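Provided below for reference: sequence and predicted model.
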Amino acid sequence: MRRSAAACAAALAGALALAGCGSGDSAAELSVSAAYMPQPVSDSMAAGFLTITNKGGTKDALTSVTSDVAGSVTVHETVGGAMREVDSLEVPAGGRLQLASGGSHLMFEKLKRKPRQGEKVTLELHFADSGTVEVEMPVESATYTPNTGS
Ligand code: CU
């Protein structure tokens, strides 16, 4: 994915907008579901999970995340059991980006308060093309696992 995006950008070499590069003819159409935060055990850090579905014909990318409960929110992916911060995650055209336990996730750092089960945390997802999407993320028990049915 990363390679094809780079090749795509190189092919366009400044002349055309990157948004015009893609097989689909409709813009990205994003919706967010299955958002939750396991109640953190740490006073300073928490993880967050959600699914972003793209019904449009153009891919998009999650480029940053902000929240009023955290000094910073970073996007992590898990590779070979180790997590690392990434600049962005792709939301494929007609597909979905799933942030799930054991895989990619959001990391809330420098918590301003400790979220508790039953509360909701507000966050903003910032996308390369679709702008900002606000999400209300419920805080679940520390051991909560979603029934995704997939
Ligand atoms: Cu992480």
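Structure's in. What do you need?

quick check: closest non-adjacent residue to the closest residue to the ion within the chain.
Nearest residue of the chain to the ion: H76, at 3.3 Å (CB to the ion). In short, each C-beta sits where N, CA and C put it, glycine included. In this structure, H76 finds its nearest non-sequential neighbour in M83, 4.5 Å apart by CB to CB, 6 or more residues apart in numbering.

tell me what L89 is bridged to.
L62 (DSSP bridges).

rewinding a little: A strand includes the residue of the chain closest to the ion, no?
Yes - H76 forms part of a strand when assessed by DSSP: H, G, I helix; E, B strand; the rest coil.

contacts only, for it.
M83, R84, E85, V86, S104, H105, L106, M107 (CB atoms under 8 Å, 6 or more residues apart in numbering).

need the strands for the protein, in chain order.
30-38, 46-54, 60-67, 70-79, 82-85, 89-91, 96-99, 105-111, 120-127, 131-140 (DSSP state E).

got the angle between the first one and strand 46-54?
With axes from the mean of the first three to the mean of the last three CA atoms, to 10 degrees as the criterion, the two stretches strand 30-38 and strand 46-54 enclose an angle of 160 degrees.

pull the helix or strand with minimum mean pLDDT from this structure.
When each helix and strand of the chain is scored by mean pLDDT, DSSP states H and E, helix 2-12 comes last, with a mean of 50.

which residues of the chain score low on pLDDT?
1-25, 148-150 (pLDDT under 70).

what residue is smack in the middle of this protein?
L62 (5.4 Å; CA atoms, centre = their mean).

just to check, it is in contact with L125?
Yes - with contact defined as CB atoms under 8 Å, L62 counts as touching L125 (5.9 Å).

shared neighbours of those two, anything?
Going by CB under 8 Å, 6+ apart, residues that sit against L62 and also against L125 are I52.

ok, S31 - contacts?
So S31 contacts I52, T53, K55 (CB under 8 Å, 6+ apart).

how near is it to K114?
Going from S31 to K114 by CB to CB, to the nearest Å gives 29 Å.
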